[in-house]
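*Asks:* When you get a sec, could you give me coordinates for this:
(chains A and B)
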Amino acid sequence: MKNKDVVQRLLAVFIPRLGEIFFIAIFTAAISLGPRMMNVDGDLGRHITLGNYIIDSRDIPTEDIFSFTKAGNPLTPHEWFSDLLFAMINAVAGLNGVIWLTALVIAGSLWLVYKYSLNLSNMSLIALLGAVLGAAASSLHWLTRPHIFTILLAALWTGELEKMRLGIRKSWLIFPFMMLIWVNLHGAFIAGLLIWACYFIGMLLDRQISLRNNQSFLWAGISSIFISLINPDGIGIWKTGLGFLGNQYLVSHTAEYLPPDFQQLAFWPFLILILCSIVVFGLSKKRIAFPHLLIVGGWTILALYSARNIPLYVVTVIPILVSEACGIVCDWKDSILVDKFLDFQKKIATTEESLKGGFWSVVSVILAIVLLLGGSKLDFQGIGNEFSKEVFPVEATEWLDENPPEGNGFNYFPWGGYLLYRFWPERSVFIDGQTDFYGEELTREYERVITLSDGWQDVLHDYQIEWVIMPAGSELGSALDESDFWNEAYQDQTTEIWIFRD
Amino acid sequence: MPWIKEEKLYLIIVLLLILIMAVRTPLETDMWWHLRAGEETLRTGEVYSVDTFSFTREGTDWINHSWLSQVVMFLTFQSGSYYGISVWVGVCAVLSMLFIYLQMKGHPLLRSAVLLFAAVVSSVVWSPRPQIHTLVLFSLLSYLIFKYRSTKQIGYLAWSIPIFILWGNLHGGYVLGIILIGSVIVGEILNKILFMEFTDNLAWRHIGILSIFMAVSFLVVLVNPFGLDMWMIPFNTVGVETLQNLINEWASPDFHQAFQQPMLWMMLGVFSLIGLSKKSIDGAELLPLIVFSWAALAARRNFGPFAIIAAPIFSKYLTSLIDNWLNIAKEKIKWIKKFLEKSNQSNEDLKPCFKNLINLVLISLLLVGVSWKIIDVNDKEFVQQAERKFFPVAAVDWLETSEIKGNMFNDYNWGGYLIWHLRDTPVFVDGRTDLFGDEILNDYVNVISGQFELGDFIEKYEIDFLLVRPGLIPVDIVENNDLEIDFEDDVSVIIKR
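*Replies:* Modelled structure (predicted):
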């Protein structure tokens, strides 16, 4: 009898739950996409460099230290804590560590989507389907950037708000605590307050709360707003975030802010989710609660406006859709197929209840970092987690190391972060990926040069540019080749470098 | 007795407002090659189907699926010039909206407001091209299906046969009609499978009849000069991979642009309203809504069909929601009850002659507005000014007097204009993407993006001169390829080999 108990206990530990299988699958997928996650843009270089600076100097810079164009200008370090985390993990485990951390955060966020969907619906199979669709839709933004912490916190934040709506959570204290972390991790903390506003207004409309009787919901938001001021730049972080979003030029010139292009297959999972929301709302026989309606409507708008909001759409909307979808399925109990499905679902639920889970998740996470540290290449292509020679000027920077040019350099905008990673503090950049800091004026000047618009040579002259680094075959490159004032000093398949002739 | 009922008055007002919206200066580049093709068809007495407008596809057979629209357009232009074309677009837009209105439910004022909203969404695709006929026929078809579902009379479906014969000769967009009928059939089957009952539900027998009519409609599309090839047109067109790089309307919507946002608001409005409803949506409404939402998100040219499908659903659920709220509000809030009673009373208090006078003045004012808009947007000087702003007017004048002849490389967006205005010089490319295919279009995209060496490109196509926008080809590339600029103004530049 005792032996049977032991076996059952062991089985309960060793047999994974559906959610655990999902977590491991997403974690493995993210680890396998490592090189892609870090090579989409050069911002990772900037984040690690800033994090290193914070570790070395024990100071969070509030003015620019990376560019010669804006040196000393006030800067809002709205991602300083993420940068610190990236730099710390990079110091311990190199770029492999950064990929590991990113994969962990992404898998954790999507696991939360599954978990909250399951909590709201009690149907693990539909919750799993929703989470898988969500993973496919959000995978475009699986990147080694502070944005991933916003995805995780948005999932947690929405889940806790939902618990409060359902009366499961009574205390509001967790919200300011979460906001304190969020505001220092990433500038999109405002998303949390938007989600709170949707819940608050929605619950007022539903007459689920009243201002007089349910002050804890109000306090959750108000305290979070005040707590958001606890960051190195105080209220400046609000000005920076809202100022950037209000600048049409900068938003339309930042690739990740562009709307989704549904002609590309990669955006189809998101399109399917939108259509699913129409189906779910259409077939539901009960009125959708206002908070849910506002969340789904609001995030659909935001995600259709900017593709970078798709992961936030996934973590906030999918639990709602799954919960409504399960309500519809239950309405069709009379159907034989549905009845059989519900029976099957019940069996899975009973089995899952007897399982503890967690073991294989811990094993896979530990195993991944051990293997990566041991030199294993776990990505699909087997090339390892390095900055790609095809995307970044990897070989050109080696040449620059050996032949350091003097003076200011004009660099290709997406390479700014990588150049900082390689050369800072010896060299500063003209511009890098932090468009919210560089602003419209400098971005326009940069654009004028690379598109050879009127006065492009004046920009180079005004900033006393002595060398230029651009991708091979650029329009600017052709013009510099023809110019009597510039010498091509280096060329490979990715990069060309020109030096100004005295 | 008022000489016009309230409901009709609202409809007239809103249709006149839509006409004011839809009448625009007809300066669409594709319009010109359609006019020229229509002219050729009438001149030769045979459907224009072998290319003579370009040197890259000269002599190639071309499935001219819009031949009848082109004839209509040319005759309209011949008799009414720009005025004729702009009024024709306006009338088509109004007709497409009228059939939506006839499917709507609720108070006329609310229906009129929703119709205006649908007009704003759909206005993105109101242009002087054959697809405007697709919009009208799609709307008419959706109305006929609506009537069939509510009355079960086959007579309504019988109209689909002449409609599809006409559609198959007017525009390749007939496939949208087939998709619409198909999605309604699937929706009805869904109703049956999910045991969902609605007042307009079709019995299996009626679903069968609808399916037969769909098949017959698909067959009668073959009654056209190109026969079976007409079935391939939708695939040939959508199959051109460079389509969305060249034509904005084939691209996915960009909601950063304000004029595209109304579609987003309508989509969200519809799904919020059905979300707030306590009933399931009819499958025959849901399926077309999903299909055409998908189509509109994939390519903005489908905003029109989306609006036609979404607007009746929008008005139906908005009406039900407002009615519910008003009933609750009347019971709970006294001043609302009093206000509603008073507003009904004050309307009845008005004398019929006074009502007639107000209505007459209102309609007259709108008619004046329509006339003013038609005259204003087609004013000769205004049209010429607009033409000079967007098209190479001066370059064409210059070319006609110069001795430059031979193969011309032209900007894609000017192809149609050049076909009409520079008649002796064949173009490199124009809006007939199904004719040029990926081979020519890819070369075009690659050369303007610098991926195809200009010198090699010129050799390949034996180009004698280029008519492009200033700055499209950098000065150093011009010099490196032994080219020289012969003409230049703010809009265009002519570069000779």
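*Asks:* Every contact and neighbour count from this point should use C-alpha atoms.
*Replies:* Fine.
*Asks:* hey, where'd the helices end up in the stretch 301-450 of chain A?
*Replies:* For the stretch 301-450 of chain A, applying DSSP state H, counting those that start in this stretch gives helices covering A:310-331, A:336-353, A:359-373, A:394-402, A:416-423, A:435-450.
*Asks:* Select, out of these, the one closest to residue B:326.
*Replies:* helix A:310-331 (27.2 Å; C-alpha to C-alpha).
*Asks:* what's around the closest residue to chain A within the stretch 301-450 of chain B, how many residues?
*Replies:* In the stretch 301-450 of chain B, the residue that lies nearest chain A is residue B:450 (8.2 Å; C-alpha to the nearest C-alpha). Residues lying near residue B:450 (other C-alpha atoms under 10 Å in any protein chain shown) number 16.
*Asks:* Nearest to chain B, out of the helices of the stretch 301-450 of chain A?
*Replies:* Once the helices of the stretch 301-450 of chain A are compared by C-alpha to the nearest C-alpha, helix A:310-331 is nearest, at 9.6 Å.
*Asks:* tell me what the closest one is packed against?
*Replies:* Secondary-structure packing of helix A:310-331 (3 or more C-alpha pairs under 8 Å, 6 or more residues apart in numbering or on different chains; DSSP states H and E): helix A:80-121, helix A:124-138, helix A:147-165, helix A:268-283, helix A:290-305.
*Asks:* give me the number of residues near residue A:174?
*Replies:* Neighbour tally, residue A:174, other C-alpha under 10 Å: 13.
*Asks:* Just the element for residue B:429, please.
*Replies:* Residue B:429 belongs to no helix or strand when assigned by DSSP states H and E.
*Asks:* Go ahead and confirm it touches residue B:436.
*Replies:* Yes. Using C-alpha atoms under 8 Å, residue B:429 is in contact with residue B:436, at 7.3 Å.
*Asks:* Comparing those two, which residue is more hemmed in?
*Replies:* residue B:429 (27 against 20).
*Asks:* tell me the contacts of that one?
*Replies:* Residue B:429 is in contact with B:54, B:56, B:409-412, B:415, B:436, B:440-441, counting by C-alpha atoms under 8 Å, 6 or more residues apart in numbering or on different chains.
*Asks:* let's see it at 7 Å
*Replies:* B:54, B:410, B:412, B:415 (C-alpha atoms under 7 Å, 6 or more residues apart in numbering or on different chains).
*Asks:* picking up where we left off before, columns mean pLDDT on top of the helices of the stretch 301-450 of chain A, output as CSV?
*Replies:* As requested, the helices of the stretch 301-450 of chain A are exported to CSV (pLDDT from 0 to 100):
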stretch, mean pLDDT
helix A:310-331, 93
helix A:336-353, 88
helix A:359-373, 93
helix A:394-402, 92
helix A:416-423, 93
helix A:435-450, 88
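*Asks:* Next SSE downstream of the helix or strand containing residue B:267?
*Replies:* Under the criterion of DSSP H and E, residue B:267 resides in helix B:261-276. Heading C-terminal from helix B:261-276, the first helix or strand you meet, by DSSP H and E, is helix B:283-298.
*Asks:* How far does that next one sit from its chain's centre?
*Replies:* 17 Å (C-alpha atoms, centre = their mean, to the nearest Å).
*Asks:* hmm, that helix touching chain A?
*Replies:* Yes. Judged by C-alpha under 7 Å from any C-alpha of the partner chain, helix B:283-298 comes into contact with chain A at B:286, B:290, B:297-298.
*Asks:* looking at chain A, which helix or strand is least sure?
*Replies:* Each helix and strand of chain A was given a mean pLDDT (mean pLDDT, DSSP states H and E); the minimum falls on helix A:248-252 at a mean of 73.
*Asks:* Is any residue of that one near chain B?
*Replies:* No. Helix A:248-252 lies apart from chain B when judged by C-alpha under 7 Å from any C-alpha; the minimum separation is 7.6 Å.
*Asks:* Would you indicate which residues of that helix are buried?
*Replies:* Within helix A:248-252, the residues that count as buried by 16 or more other C-alpha atoms under 10 Å in any protein chain shown are A:250-252.
*Asks:* same deal with stretch B:351-369?
*Replies:* Neighbour-count burial for stretch B:351-369 [16+ other C-alpha under 10 Å]: B:355-356, B:359, B:366-367, B:369.
*Asks:* Among the residues you listed, which lie within strands?
*Replies:* Per DSSP state E, strands hold no members of the buried residues of stretch B:351-369.
*Asks:* Going by distance to residue A:177, which of the residues of helix B:283-298 next to chain A wins?
*Replies:* residue B:297 (39.3 Å).
*Asks:* possible to save the helices of the stretch 301-450 of chain A as CSV with distance to residue B:469 and mean neighbour count?
*Replies:* Compiled in CSV, the helices of the stretch 301-450 of chain A are given as follows (distance: least, C-alpha to C-alpha, whole Å; neighbours: other C-alpha atoms under 10 Å in any protein chain shown):
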stretch, distance to residue B:469, mean neighbour count
helix A:310-331, 37, 24
helix A:336-353, 62, 14
helix A:359-373, 53, 16
helix A:394-402, 36, 15
helix A:416-423, 33, 22
helix A:435-450, 18, 17
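*Asks:* I'd like to know which of those helices is closest to residue A:50.
*Replies:* helix A:416-423 (9.0 Å).
*Asks:* hang on, the earlier thing: now for the buried residues of stretch B:351-369, which pair is the farthest apart?
*Replies:* B:355 and B:369 (21.1 Å).
*Asks:* Spell out which residues of chain A are next to chain B.
*Replies:* A:259, A:261-263, A:275, A:278, A:281-288, A:293, A:297, A:305.
*Asks:* Okay, helices next: where are they in the stretch 251-400 of chain B?
*Replies:* B:261-276, B:283-298, B:303-332, B:334-349, B:352-377, B:380-390, B:393-401.
*Asks:* Just the buried positions in the shortest one, please.
*Replies:* What that stands for is helix B:393-401. B:393-396, B:399-400.
*Asks:* before we move on, what about the first one?
*Replies:* Applying a neighbour-count criterion of 16+ other C-alpha under 10 Å, the buried positions in helix B:261-276 are B:261-264, B:266-276.
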